[in-house]
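Participant: what shape does this take:
(one chain, ligands or ions: 1)
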Amino acid sequence: MKKGVLIILSGPSGVGKGTVREELFKDESLNLAYSISMTTRSPRPTEHDGVDYFFVSKEEFEQKEAKGLLLESAQFVGNYYGTPAENVEKLLNEGKNVVLEIEVQGALQVMKKRPDALTIFLVPPSMEELERRIRGRRTEEDTIVQERLGKARAEIATKDQYKHVVVNDNVFKAKNSIALIIKEHQEHA
Ligand code: 5GP
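Facilitator: Numbers count the residues shown, from 1 in each chain. Next comes the predicted model:
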């Protein structure tokens with residue numbers, strides 16, 4: 001069986017990665033599987049352990065990392081995030097196209113290990129729109145919002161390291177652009 005494609009989807013906090021990802025996963029022709037990350041961040045009210053993330057303690061995270069069980073890891077606004085490696089390999093071997101929705105530091109680590117990965121960076125139509133979206137979420141205090149905005153600017157500055165940059169001005173348009181990128185990549189792989 002043909003191995004699946006490893007897909008990295010990055011973009012600043014609030015750009016709408018989660019929503020675009022949901023639309024992508026509705027399209028069965030893309031044959032996608034989601035890599036559930038591990039994090040030390042607390043769950044948001046709508047999130048579930050083992051579905052959105054594996055929510056773990058700092059100790060557990062550090063143990064997994066020390067054992068070399070993570071494909072990549074990063075600190076983001078005071079919490080650890082990482083991709084459990086074993087599941088990614090299993091899904092790729094099953095022929096699934098595996099989506100890692102991760103931030104830039106982790107993405108750069110994966111690009112080094114796996115230069116064949118299909119890397120996509122989502123950008124907002126403008127910084128004003130991004131701020132509006134981050135504030136609209138209302139789940140975080142102002143200092144965290146400011147931190148996430150600062151981080152967003154720094155992340156956007158690295159977008160040229162990705163093979164594709166897609167503007168998320170409309171979720172369906174962004175989904176369609178990414179779907180096309182995946183299909184074209186598969187045809188040429
Ligand atoms: P959030 O706290 O908003 O869910 O995620 C914060 C950032 O961490 C987002 O940019 C998200 O894509 C990223 N992220 C989620 N999981 C991982 C992971 O496993 N590794 C890395 N490097 N970043 C992650």
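
Participant: following element in sequence after the helix-or-strand element of the chain with minimal mean pLDDT, please.
Facilitator: Within the chain, no helix or strand scores below helix 127-137, which has a mean of 85 by mean pLDDT, DSSP states H and E. Using DSSP states H and E, the helix or strand that follows helix 127-137 in sequence is helix 142-156.

Participant: all strands of the chain, in order?
Facilitator: Counting by DSSP state E, the chain has strands at residues 6-10, 32-34, 37-39, 53-55, 70-76, 79-84, 97-101, 118-123, 164-167.

Participant: export those to JSON lines and tack on distance to residue 131, mean pLDDT and mean neighbour count?
Facilitator: The C-beta positions use only the backbone N, C-alpha and C, and glycine is treated the same way. Shown next, in JSON lines, are the strands of the chain (distance: least, C-beta to C-beta, whole Å; pLDDT from 0 to 100; neighbours: other C-beta atoms under 10 Å):
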{"stretch": "strand 6-10", "distance to residue 131": "19", "mean pLDDT": "98", "mean neighbour count": "24"}
{"stretch": "strand 32-34", "distance to residue 131": "28", "mean pLDDT": "98", "mean neighbour count": "20"}
{"stretch": "strand 37-39", "distance to residue 131": "24", "mean pLDDT": "98", "mean neighbour count": "20"}
{"stretch": "strand 53-55", "distance to residue 131": "25", "mean pLDDT": "98", "mean neighbour count": "17"}
{"stretch": "strand 70-76", "distance to residue 131": "18", "mean pLDDT": "97", "mean neighbour count": "20"}
{"stretch": "strand 79-84", "distance to residue 131": "21", "mean pLDDT": "98", "mean neighbour count": "20"}
{"stretch": "strand 97-101", "distance to residue 131": "21", "mean pLDDT": "98", "mean neighbour count": "22"}
{"stretch": "strand 118-123", "distance to residue 131": "14", "mean pLDDT": "98", "mean neighbour count": "23"}
{"stretch": "strand 164-167", "distance to residue 131": "16", "mean pLDDT": "98", "mean neighbour count": "17"}
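
Participant: check contacts around the closest residue to residue 175 other than its chain neighbours.
Facilitator: Distances taken as C-beta to C-beta, 6 or more residues apart in numbering put residue 23 closest to residue 175, at 3.9 Å, once the chain neighbours are dropped. By C-beta atoms under 8 Å, 6 or more residues apart in numbering, the contact set of residue 23 is 171-172, 174-175.

Participant: ok, which of the strands of the chain comes nearest residue 130?
Facilitator: Among the strands of the chain, the nearest to residue 130 by C-beta to C-beta is strand 118-123 (8.8 Å).
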